[in-house]
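Q: Requesting a structural model of the entry that follows:
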Amino acid sequence: MAAAASSQQQPVLSYWDRNPPFAAIALAQHANLALQHAADPKATNKTTATLKFPSGEELVGVPIIVKFLTRLGAQDGSNLYGPTPLSACQVDQWIETSLQLVSGQQFEALCGRLSDYLSLRSFFVGYDVTAADMAIWGQLQACPLWKKVRQSPSAAHLARWFDHIANLPACAAAVEDLSPSKKREAAAAADTAAGKGGGGTHAASGVRCQTKVVAASSCGKSCCAASSLQERGIF
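A: A predicted model of the protein is given here:
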């Protein structure tokens with residue numbers, strides 16, 4: 001994705017607004033990638049997040065989208081796959097495992113196993129944040145049951161890890177960007193601004209807000225831009 005490319009040349013991430021792809025948005029922020037995204041107004045609880053390319057090709061599902069963005073970021077120097085081929089494979093395995101983190105009878109048990117795994121670790125792979133952490137954090141963030149399960153002593157290490165990842169600027173920005181309450185506040189502010197004669201202005205960059213894209217900005221959070229920027233335990 002070239003920095004000067006137009007928005008028409010970028011893929012667009014669509015999703016159900018009640019199950020937003022937190023991991024993909026946070027990873028794009030962390031890797032300094034531009035990523036257009038929008039909730040599909042026709043989506044339902046059976047809708048899967050989809051990255052649609054101008055060519056007509058698609059990547060369907062958060063795990064494959066996260067893998068794509070991680071590989072794309074590596075071209076620009078981001079290292080969310082870890083330093084070795086082995087770590088990259090481990091990251092891919094954890095990304096696949098993250099898909100199991102949905103509300104259901106097995107959710108609490110899986111959280112317990114993840115917590116045990118993290119008892120002597122700060123990250124899922126190696127000694128720094130990888131796409132594995134982003135993927136698992138994103139699934140937990142989107143799961144309503146996590147707020148209850150995280151209070152359990154059996155999930156103590158997982159909760160400690162979760163809070164650490166959630167406080168990363170990219171993750172905090174993704175939550176702010178995708179939170180329904182934040183969107184309602186933003187829409188109300190936009191309506192107010194429109195009534196006063198124009199769009200808003202990004203506080204850090206001074207860019208007029210028109211078209212939503214996700215990209216790392218000077219403030220470290222999601223920003224809207226008038227012109228789009230380009231983008232070990234195994235169960």
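Q: where does this protein dip in pLDDT?
A: 1-8, 180-235 (pLDDT under 70).
Q: now the helices: where do they sit in it?
A: Here the chain has its helices, by DSSP state H, at 22-30, 62-74, 85-98, 107-117, 131-142, 146-149, 156-166, 169-178, 180-195.
Q: Tell me which of those is the most buried.
A: helix 22-30 (a mean of 28; mean count of other CB atoms under 10 Å). All C-beta atoms are positioned from the backbone trio N, CA, C, and that covers glycine.
Q: could you give the angle of that helix to helix 85-98?
A: Interaxial angle of helix 22-30 relative to helix 85-98 (axes from the mean of the first three to the mean of the last three CA atoms, to 10 degrees): 140 degrees.
Q: Just to check, W161 is in contact with L118?
A: Yes. Contact status for W161 versus L118: in contact at 5.0 Å, counting by CB atoms under 8 Å.
Q: Identify the contacts common to these two.
A: Overlap of the contact sets of W161 and L118 (by CB atoms under 8 Å, 6 or more residues apart in numbering) is empty.
Q: Distance to P41 for the helices of the chain - can I get that in a markdown table?
A: Shown next, in a markdown table, are the helices of the chain (distance: least, CB to CB, whole Å):
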| stretch | distance to P41 |
| --- | --- |
| helix 22-30 | 18 |
| helix 62-74 | 20 |
| helix 85-98 | 27 |
| helix 107-117 | 29 |
| helix 131-142 | 19 |
| helix 146-149 | 27 |
| helix 156-166 | 28 |
| helix 169-178 | 16 |
| helix 180-195 | 13 |
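Q: These: which one's closest to A49?
A: Of all the helices of the chain, helix 62-74 sits nearest to A49, with 5.2 Å by CB to CB.
Q: by how many degrees do the closest one and helix 22-30 diverge?
A: Using the same axes, to 10 degrees: helix 62-74 against helix 22-30 is 10 degrees.
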